[in-house]
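> Turn this into a structure:
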Amino acid sequence: MIVERITEYLEGVDRVVSETLLEHVRESCAYAFSRQFMEREAGDGRLRLSSSGHCLRKLAYALHRFEKKGKEIDARAMVNFFYGDVIELMVVNLALLAGCDLRNVGMEQMTVKTVIAGTKIEGHPDGLYIENGETYLLEIKSMNDFQFRDFEKGTIESSYLAQVNMYMETLNLTSALFIAVNKQNGVMKEQIVAYSAVLGEQLRHDLESVLISTPDNLPERLCAAGLSGKLPWQATYCPYWGHCFPEAERVVEKGRYALRIKTGDMP
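As a prediction, this is how the structure comes out:
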């Protein structure tokens with residue numbers, strides 16, 4: 001589909017020069033640079049459709065404006081976010097050069113909305129792809145080697161699937177074209193993901209549990225320490241792990257940060 005057409009364009013002898021497209025690239029890249037490095041605002045705590053599939057306890061902490069006690073957005077994270085923006089920009093505009101019919105991409109992304117427990121929740125899909133009269137949700141993600149190998153085997157991270165499923169539900173679409181780009185070597189692969197009503201119902205229930213929670217009655221936490229006292233890697237990257245595991249300490253293991261609870265302090 002899109003990846004094949006991009007490859008044909010890049011490996012072909014004919015190239016297209018489009019000043020209109022170049023101007024779009026300039027504006028989009030400048031916007032992404034400004035958003036990540038010059039104008040980033042603190043999170044407002046509101047739920048978004050992209051929150052689907054994430055730890056419910058973490059979402060509730062943000063919703064109720066708990067003080068952050070954990071992983072902060074540091075310089076490395078900002079660079080990675082910008083890297084993801086640029087990769088999405090590259091794929092979208094290469095697809096346009098290759099003649100793909102894309103809608104609502106780049107700075108023209110649409111805002112989709114749904115209502116859960118009386119609260120409006122918004123999201124911003126990467127775009128739409130039209131082929132042979134069928135409309136697909138377009139989702140583009142940059143991945144590390146580990147994630148990409150799983151993707152090649154047909155496995156997509158659950159939070160990505162959740163986000164895509166909620167976007168499809170709000171747009172009344174049955175299929176999404178999911179494009180993955182390996183950040184290490186530039187290889188691109190794609191999969192078609194079907195909408196799941198069962199998953200959609202579960203995700204709406206999960207988000208509702210966050211919305212009806214209170215600071216004194218939060219959803220169950222997702223992570224738990226293993227027998228050795230080590231917490232899953234996801235906890236290390238949570239901005240609120242200090243609330244969930246006040247007895248945990250951050251340590252360096254094999255050159256990487258990890259969270260570990262002393263055996264005597266384990267519940």
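
> could you dump stretch 3-13 to PDB, C-alpha only?
These are the backbone C-alpha positions of stretch 3-13, laid out as PDB (Å, rounded to 0.1, in the frame of the first residue of the first chain):
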ATOM      1  CA  VAL A   3       5.100   1.700   2.000                       C
ATOM      2  CA  GLU A   4       5.300   0.000  -1.400                       C
ATOM      3  CA  ARG A   5       4.500   3.100  -3.300                       C
ATOM      4  CA  ILE A   6       7.000   5.200  -1.300                       C
ATOM      5  CA  THR A   7       9.700   2.600  -2.000                       C
ATOM      6  CA  GLU A   8       8.900   2.600  -5.700                       C
ATOM      7  CA  TYR A   9       9.100   6.400  -5.800                       C
ATOM      8  CA  LEU A  10      12.400   6.500  -3.900                       C
ATOM      9  CA  GLU A  11      14.000   3.800  -6.100                       C
ATOM     10  CA  GLY A  12      12.600   5.100  -9.300                       C
ATOM     11  CA  VAL A  13      14.300   7.400 -11.800                       C
END
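
> Outside of it itself, list whatever touches it.
Stretch 3-13 is contacted by residues V91, L94, A95, L97, A98, G99, C100, I179, M188, K189, E190 when judged by CB atoms under 8 Å, 6 or more residues apart in numbering. In this view, the C-beta of every residue, glycine as well, is placed from N, C-alpha and C.

> at 7 Å instead, please
The contact list for stretch 3-13 (CB atoms under 7 Å, 6 or more residues apart in numbering) reads L94, A95, L97, A98, G99, C100, I179, M188, K189, E190.

> any chance of those in a markdown table, plus pLDDT, distance to C223 and secondary structure?
Below are the contacts of stretch 3-13 laid out as a markdown table (pLDDT from 0 to 100; distance: CB to CB, whole Å; DSSP: H, G, I helix; E, B strand; the rest coil):
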| residue | pLDDT | distance to C223 | secondary structure |
| --- | --- | --- | --- |
| L94 | 97 | 38 | helix |
| A95 | 97 | 38 | helix |
| L97 | 95 | 43 | helix |
| A98 | 95 | 42 | coil |
| G99 | 95 | 46 | coil |
| C100 | 97 | 40 | coil |
| I179 | 98 | 30 | strand |
| M188 | 98 | 32 | strand |
| K189 | 98 | 30 | strand |
| E190 | 98 | 31 | strand |
